[in-house]
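K.L.:
structure for the following, please:
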Amino acid sequence: MRASFLTFLSAAAVATAQSRDAVIVVEKSLGNRYVNTTVQFPPTMDYVNDEVLGQVSSLYQIGPEFTYFCFAIKPDGTFYNEEYFGLDKPLHLSTNNVVVAAISCRIE
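P.N.:
Sure, this is the predicted structure:
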């Protein structure tokens, strides 16, 4: 009985996480200053937007209050880094800017 209750709680936590959008700050370097754009998307879908992701220096997850495993995907389909980025773990891609084809986030 206890095991099935714990399984139910675990499934409920995953369902709650899937319903909460990932909130990501996309940072663009403009020489001596930065411009930030905040995007939101469900972790069940990759975020794709050429206008926002065409020039990226860093990526930060700022919400929800739990970490998703997020990855920046290059135009050739590979990851920029094998390490994920998430809450309190930004991804610094370049001191300049790079093109990110998509951001993919998965539930922890």
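K.L.:
wait, isn't residue 106 in contact with residue 42?
P.N.:
No. Between residue 106 and residue 42 no contact is recorded; they are 11.4 Å apart, counting by C-beta atoms under 8 Å. Bear in mind the C-beta positions are built from the backbone N, C-alpha and C, glycine included.
K.L.:
for the closest residue to residue 62 other than its chain neighbours, give its distance to residue 78.
P.N.:
Of all residues not flanking residue 62 in the chain, residue 23 sits nearest, at 5.2 Å (C-beta to C-beta, 6 or more residues apart in numbering). Using C-beta to C-beta, to the nearest Å, we find residue 23 at a distance of 25 Å from residue 78.
K.L.:
which one's more surrounded, these two?
P.N.:
Set side by side, residue 23 and residue 78 give different neighbour counts by other C-beta atoms under 10 Å, the larger being at residue 23 (15 against 10).
K.L.:
where does the chain dip in pLDDT?
P.N.:
Applying pLDDT under 70 to the chain picks out residues 1-18, 108.
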